[in-house]
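1. I'll drop the sequence and a predicted model, then ask my questions.
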Amino acid sequence: MNIDYNTNLYCLIGNPINKSLSPKIHNYIFKEKNINSVYLCFNIDEKNLASTLNNFKVLGVKGFNVTIPHKVKIMKYLDDIDEEARYLESVNTVKNIKGRFIGYNTDGLGFIKSLKDRNIELRNKNVLVLGAGGASSAISTKLALEGVNKIIILNRTLDKAKKIATNIYEKFNDIKVEYNNLDKAYKYPYIDMLINCTSIGMYPNIDRIPVDISVFNKKIIVYDVVYKPNKTKLLDASEKRGFKIINGIDMLVNQGLLSQKIWFNYEGNESYNKLNGIKNFINRV
Ligand code: ATR
């Protein structure tokens, strides 16, 4: 790595960030594409969000990603928000455009791409989404856009589940939406897909599982957006029951590539496709 006076800084803010694979992804791409930039991680408390953004502006940070637990709270500190992120009510990518911080969302598209790459059909499916933070908001709205039959959002804090459910209901009146407490998963044994958008099971709390999965039928797909550990307790237990499982790695790589596309104005899919080698690299890390 050839760091000099011209090197640009990109980074991730979140809490916790100490097992994040984002630096591996972005620094790999910088190296492959000969871009004079580095990508670092910063563990930021919510109370320091505003000052962090001010400091990033002073330092001329070119762009950054946002992860748990700031994807929604960051929105009020940004100078503008792109249409898709506003629609999904969640920001995971920020670009510095002439000193103004503009928020984008690449999670939603990254998630959908990971399913399309596996030829998983979403139309008319019943989907149970766990969690009601930024990831849940982006994913639930994308599921509605894909034409699922029903979305059920479960969360520890019921008000947040209600807010996402209400948004979806208002945007898509032909899609059935329900919300409930996180411990009510047993009420929905008929679901086709379960998506964990909570941080339960994420490093360092790897012994936790968000819901009891014994009620679901064998044909369900269990998707955990958590990627550290590679196989969460939820995925491990699901696999043992014979469910199809998907972890958060593909979504992570997809959203990272899409962030690069935003930061560097890549046109079309050409550069994006070229960067797909990153998936092989990340799977080896
Ligand atoms: P992100 O924006 O990345 O989705 P977030 O907004 O912090 O991150 O959301 C994290 C989700 O995990 C929330 O749904 C949170 O539940 P609350 O809304 O009740 O806070 C959920 N979560 C985190 N830790 C949890 C725990 N120990 N038990 C239950 N839910 C938890």
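-> Nice, I can see it.

2. Show me the strands in the stretch 51-200 of the chain, by range?
-> Here the stretch 51-200 of the chain has its strands, by DSSP state E, counting those that start in this stretch, at 63-66, 80-81, 93-97, 100-104, 126-130, 150-155, 176-181, 193-196.

3. Ok, which of those strands comes nearest residue 243?
-> With C-beta to C-beta as the criterion, residue 243 lies closest to strand 193-196 of the strands of the stretch 51-200 of the chain, at 8.2 Å. The way it works is simple: take the backbone N, C-alpha and C, and place the C-beta from them, glycine included.

4. Residue 168: what's it in contact with?
-> 140, 141, 144, 151, 175, 177 (C-beta atoms under 8 Å, 6 or more residues apart in numbering).

5. Let me know the closest of those to residue 113.
-> Among those, residue 141 lies closest to residue 113 (C-beta to C-beta), at 15.3 Å.

6. For the closest one, list the residues it contacts.
-> By C-beta under 8 Å, 6+ apart, the contact set of residue 141 is 87, 88, 89, 108, 167, 168, 171.

7. so which of the contacts of residue 168 is the most crowded?
-> Within these, residue 140 tops the neighbour count with 31 neighbours, counted by other C-beta atoms under 10 Å.

8. Surely it touches residue 154?
-> No. Residue 140 is not in contact with residue 154 according to C-beta atoms under 8 Å; the separation is 11.3 Å.

9. Next, show the common contact partners of those two.
-> With C-beta under 8 Å, 6+ apart as the test, residue 140 and residue 154 both reach residue 129.

10. Return the residues of the stretch 51-200 of the chain in contact with the ligand.
-> Listed as neighbours of the ligand in the stretch 51-200 of the chain under the rule C-beta under 6 Å from any ligand atom: 67-69, 71-72, 131-136, 155-157, 160, 182, 197-200.

11. Please pick the buried ones from these.
-> Buried by 16 or more other C-beta atoms under 10 Å: 67-68, 71-72, 131-136, 155, 160, 182, 197-200, out of these.

12. now the helices: where do they sit in the stretch 51-200 of the chain?
-> Applying DSSP state H, counting those that start in this stretch to the stretch 51-200 of the chain gives helices spanning 83-88, 107-116, 134-145, 158-171.

13. how far out from the middle of the chain is the last one?
-> When you say that, I think you mean helix 158-171. Taking C-alpha atoms, centre = their mean, to the nearest Å, one finds the center of helix 158-171 at 18 Å from the center of the full chain.

14. That one vs helix 134-145, what angle?
-> Using axes from the mean of the first three to the mean of the last three C-alpha atoms, to 10 degrees, the inter-axis angle of helix 158-171 relative to helix 134-145 is 30 degrees.

15. could you check the angle strand 176-181 makes with helix 158-171?
-> Computed by the same axes, to 10 degrees, the angle separating helix 158-171 from strand 176-181 equals 180 degrees.

16. buried residues in helix 158-171?
-> Buried, per 16+ other C-beta under 10 Å, within helix 158-171: 158, 160, 161, 163, 164, 165, 167, 168, 169.

17. Can you tell me the closest non-neighbouring residue to the fourth one?
-> The spatially closest residue to residue 163, leaving aside those adjacent along the chain, is residue 132, at 7.2 Å (C-beta to C-beta, 6 or more residues apart in numbering).

18. Enumerate every residue touching the one you found.
-> So residue 132 contacts 153, 155, 157, 160, 161, 163, 164, 179, 197 (C-beta under 8 Å, 6+ apart).

19. ok, of these, which one's closest to the ligand?
-> Nearest to the ligand among the contacts of residue 132, counting by C-beta to the nearest ligand atom, is residue 157 at 3.4 Å.

20. What about the closest one? Give its phi and psi, please.
-> Backbone torsions for residue 157, taken as degrees, to the nearest 10, come to phi -100, psi 100.

21. OK, contacts around it?
-> With C-beta under 8 Å, 6+ apart, residue 157 has these contacts: residue 132.

22. pLDDT score for it?
-> The confidence metric pLDDT takes the value 98 at residue 157.

23. same check, this time on the one 5 residues further on
-> In this model, residue 162 is scored at 98, pLDDT.

24. I'd say it and residue 179 touch.
-> Yes. Using C-beta under 8 Å, residue 162 makes contact with residue 179 at a distance of 5.2 Å.
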